[in-house]
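A.B. asks: sequence? don't have it. structure:
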């Protein structure tokens with residue numbers, strides 16, 4: 001058998017596993033695996049550094065299927081190369097409830113799935129974080145421990161999504177030359193030919209963004225191999241435009257949108273079997289072909305063993321630090337560092353904006369935790385995300401700790417996910433809370449994946465002032481709280497800010513958003529507590545003098561207003577307590593007893609927050625009083641805006657007294 005015949009049979013194993021799994025599920029996308037099988041076969045058999053028996057090897061090459069609808073390509077590869085948890089039964093149960101072979105690849109479902117993809121463009125944008133993470137870790141630990149490539153398979157849809165431009169521009173600027181992207185250039189989208197909606201010269205576009213880019217025949221194994229070899233010797237990231245045929249081999253549906261998102265049907269599959277001279281029944285791979293694939297799966301064992309030998313011989317402190325960071329564990333003194341800092345804050349009682357409080361605690365954190373990587377979407381001076389330790393990462397110096405993402409909020413959030421998924425790093429990035437809208441798809445995926453991405457969102461209310469309603473978040477707090485497995489923090493002062501940062505760093509399986517003020521706030525936590533009170537989500541900040549008739553719940557900048565309202569009500573003989581609520585999500589996780597005690601049974605319950613009411617009724621009830629926003633904001637000074645919208649201590653006290661005397 002010639003090498004080309006061997007290649008063809010190995011590629012056909014991918015094609016038939018994919019089309020048979022989609023057919024059995026009566027659901028899925030057979031076209032991409034059939035069209036891209038040659039690319040995958042060349043990459044996995046000749047270039048990809050991995051060991052199927054050690055799927056979490058830190059220095060493996062990463063393969064990201066950005067075109068996640070073609071998930072059977074990835075699942076077929078994982079089965080064929082011998083990943084233990086990807087059995088033939090998993091392939092047969094494609095898209096079935098409880099299987100590892102979900103409709104789109106889901107991080108954590110099976111080893112070898114590097115990131116969750118499906119929303120188009122996300123995998124491509126994640127890959128910038130993966131590739132940057134490799135360079136940052138390489139600068140810290142050297143070629144002996146970190147030296148790998150990031151490969152991406154992207155489709156037409158990935159390149160049409162706007163996030164792709166944010167991602168490729170950043171990668172080109174940073175000269176991430178170990179990032180190699182294959183474009184499945186098949187000219188077909190769901191509606192029909194790509195020409196219905198797009199005629200972009202993608203190669204020219206990538207070249208204009210600082211990439212190498214060229215066209216090849218995506219079915220010619222030697223052309224594919226030559227392009228990969230050239231990419232691996234480049235000083236720029238590379239995009240290889242692979243001309244393919246969607247559904248290649250299907251007699252009537254190949255090259256049409258009918259091969260994209262639905263099973264081919266028995267007649268079409270029979271025709272493909274004839275076209276490829278594939279005689280094996282569904283889900284059966286000829287023994288010699290399976291053996292060849294399994295040999296590829298174990299082919300990286302020597303490289304891994306050599307790497308483990310280098311790690312074992314590394315300087316002990318370097319080895320211990322590498323292993324700690326890859327394991328995702330914080331330095332052993334982290335809690336003590338935060339506790340000491342909180343004690344200092346309670347004594348000093350700074351009156352600063354929580355964005356400044358965040359910068360202050362980051363100065364402490366970044367000094368104690370060397371793996372933090374900061375950044376901002378061109379708002380560094382406003383987000384306060386840079387500290388003395390975080391110098392700029394540049395194409396000439398990856399050994400620093402700050403990324404200037406440019407005005408690319410979506411690309412930033414996706415890259416943060418990639419940095420986090422790469423391992424060994426804790427990434428955070430900043431923008432204005434209002435522009436979380438631009439970042440939200442990636443924030444949602446961080447939650448779905450259960451990873452420690454951290455989003456710093458400043459200018460969190462009408463308190464930002466004159467920039468007006470285009471920049472003033474109103475519905476954003478409720479919108480981000482609506483994302484499952486996402487901790488949304490809105491700290492009231494410097495102490496709570498330190499506590500929220502501590503929780504964010506300790507939450508290995510949950511991403512965090514910190515909503516921070518532009519305006520100065522007093523320290524309300526003046527008594528030091530060794531316990532992280534914010535970790536309870538809500539806690540009594542100020543008790544009532546006597547049995548509480550009124551409970552006021554508040555977050556962030558409105559806690560100061562709540563305390564002012566409490567003073568007014570207490571003077572008028574209405575015992576009032578104040579509960580600070582830095583994180584709804586953590587409060588919901590507390591015991592029923594703690595929640596009941598914290599909510600209490602006061603006659604009147606009030607919530608004060610400079611956002612919309614949505615989400616507050618589970619604390620104050622539908623009959624509770626809400627002091628907040630009921631529409632968009634306005635352009636004006638903070639001194640004008642809070643009274644204008646009725647968010648004051650006086651307005652809150654008056655509403656309570658009206659209720660009590662009504």
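C.D. replies: It's in. Values in this document were obtained by computation on a predicted structure and should not be read as measured data.
A.B. asks: CA only for contacts and neighbour counts going forward, please
C.D. replies: Will do.
A.B. asks: Count the neighbours of residue 515 for me.
C.D. replies: 25 (other CA atoms under 10 Å).
A.B. asks: which residues does it contact?
C.D. replies: Shown in contact with residue 515 (CA atoms under 8 Å, 6 or more residues apart in numbering): 433, 456-460, 488-491.
A.B. asks: Out of those residues, which comes closest to residue 317?
C.D. replies: Set against residue 317, the nearest of the contacts of residue 515 by CA to CA is residue 456 (31.9 Å).
A.B. asks: Look up how far residue 170 lies from that closest one.
C.D. replies: Look at residue 456 and residue 170: by CA to CA, to the nearest Å, they are 20 Å apart.
A.B. asks: Ok, residue 323 next?
C.D. replies: 29 Å.
A.B. asks: And for residue 45?
C.D. replies: Taking CA to CA, one finds residue 45 at 30 Å from residue 170.
A.B. asks: quick one: which of those two has more around it?
C.D. replies: residue 170 (25 against 18).
A.B. asks: Is the more buried one within a helix or a strand, and which one?
C.D. replies: helix 162-174 (DSSP states H and E).
A.B. asks: same question, residue 40
C.D. replies: helix 31-42.
A.B. asks: Who are the packing partners of that helix?
C.D. replies: In terms of contacts (3 or more CA pairs under 8 Å, 6 or more residues apart in numbering; DSSP states H and E), helix 31-42 is packed against helix 3-25, helix 71-81, strand 179-185, helix 221-232.
A.B. asks: for those, which one sits closest to residue 328?
C.D. replies: strand 179-185 (23.8 Å).
A.B. asks: Quick check: next helix or strand after the closest one?
C.D. replies: That would be, after strand 179-185 and using DSSP H and E, strand 188-189.
A.B. asks: Tell me which strands the helix or strand following that next one pairs with, and in which orientation.
C.D. replies: Going down the chain from strand 188-189, the next helix or strand is strand 192-193, by DSSP H and E. Partners of strand 192-193 in the sheet, by DSSP bridges, are strand 188-189 (antiparallel).
A.B. asks: contacts for the partner strand?
C.D. replies: Here strand 188-189 has contacts from 156-157, 194, 246, 255-257, 260, using CA under 8 Å, 6+ apart.
A.B. asks: Now stretch 346-366: average pLDDT?
C.D. replies: The average pLDDT within stretch 346-366 is 98.
A.B. asks: got the angle for the helix holding residue 40 vs helix 71-81?
C.D. replies: 40 degrees (axes from the mean of the first three to the mean of the last three CA atoms, to 10 degrees).
A.B. asks: what separates the following helix or strand past helix 31-42 from the chain centre, distance-wise?
C.D. replies: Of the helices and strands lying after helix 31-42 in sequence (DSSP H and E), the nearest is strand 62-65. Per CA atoms, centre = their mean, to the nearest Å, the displacement of strand 62-65 from the mean C-alpha position of its chain is 16 Å.
A.B. asks: Residue 83 contacts residue 111, doesn't it?
C.D. replies: Yes. Using CA atoms under 8 Å, residue 83 is in contact with residue 111, at 7.1 Å.
A.B. asks: Common neighbours of these two, please.
C.D. replies: With CA under 8 Å, 6+ apart, residue 83 and residue 111 have common neighbours residue 55.
A.B. asks: Please identify which of the two sits among more neighbours.
C.D. replies: With neighbours defined as other CA under 10 Å, residue 83 and residue 111 compare such that residue 83 has more, 22 against 18.
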